[in-house]
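Colleague: Structure of the sequence below:
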Amino acid sequence: MIQSKHDYVIIKIDKEFDDEIVLSSGLVLQKGFYASTQVNQKTKDTTYNPLLHKRIFGKVVSIPNKISKGDLPIYFGETPKDMSAFAQSKYPELLDYKYRDSIIAEVEVGDVIYFHISGNDREYTWVMYEKELYLKIDYQHIICSVRNGEIIPIGGYTMLDEYYGDGVVKEKIGGYGVYVKNIGLIAIPVLKPLENTGIVKHVGTPLAGLECELKTNDKVVFEDKHAIPKTIEGKDYLVLYQHEILMVMDEIINL
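Modeller: Okay, here's the model as predicted:
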């Protein structure tokens, strides 16, 4: 059986891209090409970006025997005020940074993991073993593990629902799910969620040496542009690190 030595989880996926669109002519398009033609009608740019539609989940067949430090910090703590830039570069171990080896290894063989990908080939690498194709995924890019129906955020992540405001509910109108706020007998549509806010749905184990007091259903404020939208187990979430959450909204009210 294929075996991962360190830092990478090896998974099996059904297909590289999520969906295909078959035209009446029989021509098959990847979903990304079709979406691009819709989104970019103003510029007439039909560029297909396959990275937007690569499958981001698979079943774990092998886990690493260790997780090494890696090159890129996951968490940037406070730098001592009296520490020069030269000292910071020469003695990075003195900085309050957290690297890949701060991730608590919780993924198990048989789990389904979801992960980040970008243009970096190391994040999405095919491996051929005994005529079977597998993917190896850097532990640092794993978002969550799904085990027996339970979503377990990995690597200090938390997962949020968008927050539309108190009293806002989702109702079906004309066959579509619409967020509305009922005022008396009038239902007022709410077109977009509040910026940089969310409701905590899943909280993972924090990075080693850090603490997390977040609880499910906390309403939180997070750092601008840090939340990444991901569809996991058929549901849309905002994914971000626990340390990127600035405050629980109930705490703001009590200030």
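Colleague: least trustworthy helix or strand in the chain by mean pLDDT?
Modeller: Within the chain, no helix or strand scores below helix 31-39, which has a mean of 42 by mean pLDDT, DSSP states H and E.
Colleague: Check which element follows it along the chain.
Modeller: The first helix or strand that comes after helix 31-39 along the chain, using DSSP states H and E, is strand 57-62.
Colleague: Export stretch 237-249 to PDB, keeping only CA atoms.
Modeller: Output of stretch 237-249 as PDB, limited to C-alpha atoms (Å, rounded to 0.1, in the frame of the first residue of the first chain):
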ATOM      1  CA  TYR A 237     -18.800  28.100   4.800                       C
ATOM      2  CA  LEU A 238     -16.400  30.900   5.400                       C
ATOM      3  CA  VAL A 239     -13.100  29.300   6.400                       C
ATOM      4  CA  LEU A 240     -10.400  31.200   8.400                       C
ATOM      5  CA  TYR A 241      -7.800  30.700  11.100                       C
ATOM      6  CA  GLN A 242      -9.100  31.000  14.700                       C
ATOM      7  CA  HIS A 243      -6.500  33.800  15.400                       C
ATOM      8  CA  GLU A 244      -8.000  35.800  12.500                       C
ATOM      9  CA  ILE A 245     -11.200  36.300  14.500                       C
ATOM     10  CA  LEU A 246     -11.100  39.600  16.300                       C
ATOM     11  CA  MET A 247     -14.000  39.400  18.700                       C
ATOM     12  CA  VAL A 248     -17.200  37.700  19.700                       C
ATOM     13  CA  MET A 249     -20.100  40.100  19.000                       C
END
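Colleague: Quick one: mean pLDDT for it?
Modeller: For stretch 237-249, the mean pLDDT works out to 94.
Colleague: Buried residues, it. List them.
Modeller: Tyr237, Leu238, Val239, Leu240, Tyr241, Gln242, His243, Glu244, Ile245, Val248, Met249 (16 or more other CB atoms under 10 Å). Using the backbone N, CA and C atoms, a C-beta is placed for each residue, glycine as well.
Colleague: Of the residues you listed, which belong to strands?
Modeller: Tyr237, Leu238, Val239, Leu240, Tyr241, Ile245, Val248 (DSSP state E).
Colleague: Distance of the last one relative to Thr216?
Modeller: Distance, Val248 to Thr216, by CB to CB, to the nearest Å: 12 Å.
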